[in-house]
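1. Curious how this folds, go ahead:
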Amino acid sequence: RNQTVKLRGNLRNPLKPPEHPGKELQSKSAISFQANKHEYSYSKSLIENLILDNKSLQEDLNDYRRVMEEITCKYKVIQKELEAEKLKGKKIELLEQELAHEKSQSDRMQKATNKLKENYLSMLELMRQTGFEISEQEKEDTNLIDHLERENCHLREILSTSGFTDSVSKQIDAALLQEESVLFSLTEEEHQEVIQNYLNSKSQPAKPKPKKNYLLGCCIIIKCQSSSKK
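-> Numbering: from 1, shown residues only. As a prediction, the model looks like this:
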């Protein structure tokens, strides 16, 4: 700046000759040397700073690459885990569907089992009632047979004491044989019908009948009971 001021002063006074031209040249060279030295030092420091910045940037870049590689690896691992979870989710959905299907089948089978159980219990109850009715019917039939046997014995005593002739006894035996042949040709339902008719006739008011026909009817009933038992 001083040199510039001096040059400007010289330009303002062009008529005045410069004093000591050698000193002026030395000062100019010194100034230029100092300027060059300053620029050199500045450029050197700038280069050093740029080198340091480049090293720092290179380290940052390496760190960034390393971090990106780690992030990429983690992303791949997470993506694989997500795909595995998706597959697990699909498997779980399939298992849930299979479980729902199995549950519906189990419910249907349970309903069918309950229905069969109800039918089985109703059949058991029906069989029990039928067995009870059959036992009651057998008991009634046994009582009826005992009653008819007692009545037959009583009638035989009456016959033995009534003084029938041998011809009358033979007629009764022949009639009994004929009725027996007819009875053996009857079915079980017809046997039951004959017995029921006899019971109905017993429950009705007694009518005067010939003694021979009455005895014949009693013998026929006894034979019916014996044949039905066989």
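2. drop to CA atoms for contacts and neighbour counts, all remaining ones
-> Fine.
3. Can you name every helix or strand that the helix or strand where residue 112 lies contacts?
-> In the assignment (DSSP states H and E), residue 112 maps to helix 21-162. With contacts taken as 3 or more Cα pairs under 8 Å, 6 or more residues apart in numbering; DSSP states H and E, helix 21-162 sits against helix 211-229.
4. Kindly provide the whole-number mean pLDDT of the helix holding residue 112.
-> Average pLDDT, helix 21-162: 80.
5. Alpha carbons only: can I get stretch 116-124 in CSV?
-> Taking Å, rounded to 0.1, in the frame of the first residue of the first chain, the C-alpha atoms of stretch 116-124 are listed here in CSV:
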residue,chain,number,x,y,z
LEU,A,116,-77.3,-92.4,17.7
LYS,A,117,-77.1,-92.3,21.5
GLU,A,118,-80.7,-91.0,21.7
ASN,A,119,-81.8,-93.7,19.3
TYR,A,120,-80.0,-96.4,21.3
LEU,A,121,-81.4,-95.2,24.6
SER,A,122,-84.9,-95.1,23.1
MET,A,123,-84.4,-98.6,21.7
LEU,A,124,-83.2,-99.8,25.1
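6. So that it lines up with my notes, have the first residue be 119 from now on.
-> Sounds good: first residue 119 from here, last item stretch 234-242.
7. Can you name the residues in contact with that stretch?
-> By Cα atoms under 8 Å, 6 or more residues apart in numbering, no residue outside stretch 234-242 reaches it.
8. at 10 Å what do you get?
-> 228, 229, 230, 231, 232, 233, 243, 244, 245, 246, 247, 248 (Cα atoms under 10 Å, 6 or more residues apart in numbering).
9. Can you tell me which of these lies closest to residue 212?
-> Comparing the contacts of stretch 234-242 against residue 212 with Cα to Cα places residue 228 closest, at 23.8 Å.
10. so who does the closest one touch?
-> 222, 234.
11. if we can go back for a sec, let me have the contacts of stretch 234-242 in CSV, extended by distance to residue 266.
-> As requested, these are exported to CSV (distance: Cα to Cα, whole Å):
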residue, distance to residue 266
228, 55
229, 54
230, 52
231, 51
232, 50
233, 48
243, 34
244, 32
245, 30
246, 30
247, 28
248, 26
